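In: sequence first, then the predicted structure:
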Amino acid sequence: MARSLLCFLIFAHTLSARGISQGAKAEPDISGYRLAGLDFTGGTAIPREKLFAAFPLRVGDPADNSRIKEGLKRIQYLFEEAGFIDLEYTVRQDIDDKAKTVSLGFDLQEGRQFTIHRILFVGSSLVPDGALRLAATAAGLEEGKTFRPSPGIKTAGRTRLQTPQRSIDRAGGWTGRQPRKI
């Protein structure tokens, strides 16, 4: 059964600072090496074809730690969009110094899927609850739906969790006080 979130406002700030756990502690110097193999295990919520498509390196490409990190951020986004915000991974590296190649394997554990059980608004005397609910809906936050924070992905210059804040601001919800930064 999916875990439920009570109120997105409580979690908005903490989720924006969340990242995926990294299994490998130190990055070996793989400059000058080529990618000999790539594999994903676990993480059954996202089809393997999508994982491979999201990863920027292909077999034969120069191995580059920054592109590997970029690929892992894309993988994180795929899982977050499916409601799996607790993604953890372990990196397996097989380095062949003689052939100057590296094979990468990622063991993925997506954890539980999060859904939004109920959205509550407390102390909203300036903006009607209907307007607040509409702002949350515009951000993709609806009761019974999958929770998809994707804090690092921007749409129209804003992250998903900043969209309701701007809607409330336009409706005059922050009159006399400053909105909390997300």
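Out: Yep, that arrived. Numbering: from 1, shown residues only.

In: how about stretch 48-61 as CSV, C-alpha atoms only?
Out: What follows is stretch 48-61, C-alpha atoms only, in CSV (Å, rounded to 0.1, in the frame of the first residue of the first chain):
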residue,chain,number,x,y,z
ARG,A,48,14.8,-0.3,-18.0
GLU,A,49,14.4,1.1,-21.5
LYS,A,50,13.5,4.5,-20.0
LEU,A,51,16.4,4.3,-17.6
PHE,A,52,18.8,3.7,-20.5
ALA,A,53,17.2,6.5,-22.5
ALA,A,54,17.6,9.0,-19.7
PHE,A,55,21.3,8.2,-19.1
PRO,A,56,23.5,10.5,-21.2
LEU,A,57,26.4,8.0,-21.8
ARG,A,58,26.4,5.1,-24.2
VAL,A,59,28.8,2.1,-24.5
GLY,A,60,31.9,3.4,-26.2
ASP,A,61,31.5,7.0,-25.0
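
In: tell me which residues are up against it.
Out: Under the contact criterion C-beta atoms under 8 Å, 6 or more residues apart in numbering, stretch 48-61 has outside partners 34-38, 40, 43, 63-64, 67-68, 70-71, 74-75, 77-78, 108. (C-beta placed from N, C-alpha, C; glycine too.)

In: can you turn the buried part of these into a PyMOL selection?
Out: Of the contacts of stretch 48-61, the buried ones go into a single PyMOL selection, burial set by 16 or more other C-beta atoms under 10 Å:
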select buried, resi 34+35+36+38+40+43+63+64+68+71+74+75+77+78+108
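
In: so which of the contacts of stretch 48-61 are in helices?
Out: Counting by DSSP state H, those place Arg67, Ile68, Glu70, Gly71, Arg74, Ile75, Tyr77, Leu78 in helices.

In: got the contact list for the first one?
Out: Residues near Arg67 by C-beta under 8 Å, 6+ apart: Pro56, Leu57, Asp61.

In: burial of the second one, as a residue count?
Out: Read it as Leu57. Summarising burial for Leu57: neighbours were counted as other C-beta atoms under 10 Å, giving 18.

In: look at it and give its secondary structure.
Out: Reducing the assignment to helix, strand or coil with DSSP: H, G, I helix; E, B strand; the rest coil, the entry for Leu57 is coil.

In: and it, what are its phi and psi?
Out: Its backbone dihedrals place Leu57 at phi -100, psi 140, with angles given as degrees, to the nearest 10.

In: please report the distance of it from Leu35.
Out: Here Leu57 is placed at a distance of 5 Å from Leu35 (C-beta to C-beta, to the nearest Å).
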